[in-house]
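A.B. asks: attaching a predicted model along with its sequence, questions to come.
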Amino acid sequence: MKLEEFATGNSFIHHLDPRGKVVAAAFFSGLVSLTQSLTAALAAMVLPVLLVVLARLDFKRLMTRLAVVNGFILFTWFFIPFTFPGEVIYSIGPLDIHREGVLYACLLTVKSNAIILALIALLGTSPVLDVVHALSHLGVPDKLVHLFFFCFRYLHTIREEYHKLSEALKVRSFRPGTNLHTYRTYAYLVGMLLVRSFHRSQRILEALKCRGFNGRFYILHHYQMKSRDYLFTSFGLVLPCLLVVIL
């Protein structure tokens, strides 16, 4: 699955204990999201870039992921520079571009990319089931762990249902356009997708109960932290703090 396209590899990062990577990723993401300094955010960007290099991730696939994220961030550049109060540096007709707005948009862009790169380099280099296992070991509530696990497990199932409905529309010679019939058809498509997803979830629950599921997944294999895992986690907690404090 595309959610695990970076999980296979033989790098140093791939072999680290997932618990340490989850802790480092969560701490780094929280710290970077709270910083209000563009200099500190740019300095923090160095750490995930270094992790990406150490993990030897495919550059083309990585840029594809970042392009999707930055496609959403791009919308902030259409509003924040014009609406954030501050010094006017340029005018486009009745619209004024403010210096503080441009800097704030830059800050959001840098922080978002730094966090995404860190998550890809740390969590993306472990199979999702290992991440779920690590969350359970770290004491995350079972309901949140189950929600994360089932969302991942059945995303492809929902996608398959969507493709089946789309193929059914094509067989019936449906051609999308900018008209009321198209909008109504897509509304029916979304509605049927929700109905089928609900019925599938009911069958899954019944299957789990038939197998003795009582709301808990039992862990049979336990991780063992090695010296390199402790060292990496320590650096993952200390270095971001130093960068933010110094800058």
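C.D. replies: Perfect, thanks for sending it. Numbering: from 1, shown residues only.

A.B. asks: any idea how this structure splits into domains?
C.D. replies: 2-127+223-246, 141-210 (automatic domain parsing).

A.B. asks: so for Phe217, which of the ones you listed sits nearest?
C.D. replies: domain 141-210 (7.5 Å; Cβ to Cβ). Yep, even glycine has a C-beta here, placed from its N, CA and C like the rest.

A.B. asks: quick one: distance of that closest one to the chain centre.
C.D. replies: 21 Å (Cα atoms, centre = their mean, to the nearest Å).

A.B. asks: which residues touch the nearest residue to Ala134 once chain neighbours are set aside?
C.D. replies: For Ala134, ignoring the flanking residues on the chain, the nearest one in space by Cβ to Cβ, 6 or more residues apart in numbering is Pro18 at 3.9 Å. Pro18 sits next to 126, 130-131, 133-134, 223 when contact means Cβ atoms under 8 Å, 6 or more residues apart in numbering.

A.B. asks: secondary structure added to these, as CSV?
C.D. replies: Listed next are these as CSV, based on DSSP: H, G, I helix; E, B strand; the rest coil:
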residue, secondary structure
Ser126, coil
Asp130, helix
Val131, helix
His133, helix
Ala134, helix
Tyr223, coil
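
A.B. asks: would you map the helices across the chain?
C.D. replies: Ranges of helices in the chain, per DSSP state H, are 18-34, 38-55, 59-73, 80-83, 99-122, 128-137, 142-171, 180-210, 227-246.

A.B. asks: pull the residues that contact the fourth one.
C.D. replies: When you say that, I think you mean helix 80-83. 95-98, 101-102, 104-105, 108.

A.B. asks: buried ones among those residues?
C.D. replies: Those of the contacts of helix 80-83 that meet the buried threshold are 96-98, 101-102, 104-105, by 16 or more other Cβ atoms under 10 Å.

A.B. asks: and which of those is nearest Ser173?
C.D. replies: Looking across the buried ones among the contacts of helix 80-83 and measuring by Cβ to Cβ, the closest to Ser173 is Ala105, at 45.5 Å.

A.B. asks: follow-up on the earlier one: and the domains of the chain, which is most packed in?
C.D. replies: The highest average neighbour count among the domains of the chain, using mean count of other Cβ atoms under 10 Å, belongs to domain 2-127+223-246 at a mean of 16.

A.B. asks: make sure Val57 is actually in contact with Ile120.
C.D. replies: No Val there; residue 57 is Leu. Yes - counting by Cβ atoms under 8 Å, Ile120 is a contact partner of Leu57 at 7.1 Å.

A.B. asks: overlap in contacts of these two?
C.D. replies: Common neighbours of Leu57 and Ile120 (Cβ under 8 Å, 6+ apart) are Phe6.

A.B. asks: remind me which residues of the chain are low pLDDT?
C.D. replies: 1-3, 244, 246-247 (pLDDT under 70).

A.B. asks: same thing but 50
C.D. replies: 1 (pLDDT under 50).

A.B. asks: still on that earlier bit, distance to Leu231 for the buried ones among the contacts of helix 80-83 - can I get that in JSON lines?
C.D. replies: Shown next, in JSON lines, are these (distance: Cβ to Cβ, whole Å):
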{"residue": "Asp96", "distance to Leu231": "51"}
{"residue": "Ile97", "distance to Leu231": "46"}
{"residue": "His98", "distance to Leu231": "45"}
{"residue": "Gly101", "distance to Leu231": "42"}
{"residue": "Val102", "distance to Leu231": "40"}
{"residue": "Tyr104", "distance to Leu231": "36"}
{"residue": "Ala105", "distance to Leu231": "37"}
